[in-house]
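*Asks:* Here is a sequence together with a model predicted from it:
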Amino acid sequence: MADRSQLHLVVGGKYHDFNFARLELLKLLAEHDDANVTTASSYADIEHLTPGGGLVTYTCDVQPSEAQVTALGNFLSAGGRWFALHGTNSAIRWLDGRPDCPDVNPALTDMLGSQFRAHPPIHAFDVHVVDRAHDLTKGLRDFRVEDELYLSTDRPGNRPLLVTQFGGDAKPFTQDSWPHAERLVMYLRTYGKGEVLYLTLGHCRGKYDLQPMIEETTIQRCSWQSPLFYEIVRRGLRWALGKPAL
């Protein structure tokens, strides 16, 4: 089997319905009968990574160890493709009862190209296609979606594909005031011979995912209710498998 059909899926962390996200991603990967997919809930099993293979992550507040960061860097440098979704770039700590999101792993941030800082309350916002030449976005139209709008610190060198605009409050996060500016929603980043594709959309939460802070909460599906979101994720998975996105 060709290296490009090897893919490792990491889904896990905090504050999200990871069972839902894992199932939806696996259903989309099941459309590829030539893909050999392995799964994990952390970076502990990254020995599955092959130099020409793919990595897909949907996590929140999951940080690789120093050795695992080195392995991820080697994977990308050798030509790997990493499709990172939603909270992969997050590290959440609590400061005086408020979520605080420091850059605890700069080497990982350099790889991913961004580090999550905050988001305003879930709301509907417009997403604009700014690179219509790439197969990942070719033929897509601008769209409106209800989701968490990620506010991140971005590294230089990211190639924007999808963007939105935001300025305002992001309470209760410690970094709660943001100037009006363009915010990345999806971008590509080169790292060595490899690439990272980052998509910030895709929040989901189940009834009990905020325990013990909150006993029960409202089920949230956000972009997972949008057929266009599924099309974007399908293209990202094809890209991670080393196939044409279209």
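*Replies:* That came through fine.
*Asks:* so how far is the first residue of stretch 142-151 from its last?
*Replies:* Stretch 142-151 has its terminal residues 20 Å apart, counting by CA to CA, to the nearest Å.
*Asks:* Which residues does it contact?
*Replies:* Stretch 142-151 is contacted by residues 86, 116-120, 122-129, 164, 166, 170, 175, 178, 183-185, 200-203, 222-223, 225-226, 228-229 when judged by CB atoms under 8 Å, 6 or more residues apart in numbering. In short, each C-beta sits where N, CA and C put it, glycine included.
*Asks:* can you tell me the average pLDDT over it?
*Replies:* Looking at stretch 142-151 alone, the average pLDDT works out to 98.
*Asks:* Stretch 99-110 now?
*Replies:* Summarised as a single mean, pLDDT over stretch 99-110 is 97.
*Asks:* Need the residues that contact that stretch.
*Replies:* Residues contacting stretch 99-110 (CB under 8 Å, 6+ apart): 63-64, 69, 72-73, 89-94, 115-118, 153, 155, 172-175.
*Asks:* swap the cut-off to 7 Å and go again
*Replies:* Residues from elsewhere that reach stretch 99-110 (CB atoms under 7 Å, 6 or more residues apart in numbering): 63-64, 69, 90-94, 115-118, 153, 155, 172-174.
*Asks:* Stretch 31-49 now?
*Replies:* 1, 5-12, 29, 55, 62, 64, 68, 71-72, 75, 80, 241.
*Asks:* In strands, which of the contacts of stretch 99-110 fall?
*Replies:* 93-94, 115-118, 153 (DSSP state E).
*Asks:* For the top helix by length along the chain, buried residues please.
*Replies:* If you go by DSSP state H, the chain has its longest helix at helix 227-240. In terms of neighbour count (16 or more other CB atoms under 10 Å), helix 227-240 has its buried residues at 229, 232-233, 235-240.
*Asks:* With just CA atoms, put that helix into CSV.
*Replies:* C-alpha atoms of helix 227-240 as CSV (Å, rounded to 0.1, in the frame of the first residue of the first chain):
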residue,chain,number,x,y,z
PRO,A,227,-23.2,20.6,4.1
LEU,A,228,-20.6,23.1,2.9
PHE,A,229,-18.5,22.5,6.0
TYR,A,230,-18.6,18.7,5.2
GLU,A,231,-17.4,19.5,1.7
ILE,A,232,-14.5,21.5,3.1
VAL,A,233,-13.6,18.7,5.5
ARG,A,234,-13.8,16.1,2.7
ARG,A,235,-11.4,18.1,0.7
GLY,A,236,-9.0,18.4,3.7
LEU,A,237,-9.1,14.7,4.3
ARG,A,238,-8.4,14.0,0.6
TRP,A,239,-5.5,16.5,0.9
ALA,A,240,-4.2,14.7,4.0
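*Asks:* what does the average pLDDT come to for that helix?
*Replies:* Here the average pLDDT along helix 227-240 is 98.
*Asks:* Can you give the contact residues for it?
*Replies:* Residues from elsewhere that reach helix 227-240, judged by CB under 7 Å, 6+ apart: 7, 28-29, 54, 56, 81, 83, 136, 143, 145, 197, 199, 201, 223, 244-246.
*Asks:* From those, list just the buried residues.
*Replies:* 7, 28-29, 54, 56, 81, 83, 136, 145, 197, 199, 201, 223, 245.
*Asks:* So which of the contacts of stretch 31-49 sit within helices?
*Replies:* 29, 68, 71-72, 75.
*Asks:* If you average the pLDDT over stretch 46-66, what comes out?
*Replies:* So the average pLDDT for stretch 46-66 ends up being 92.
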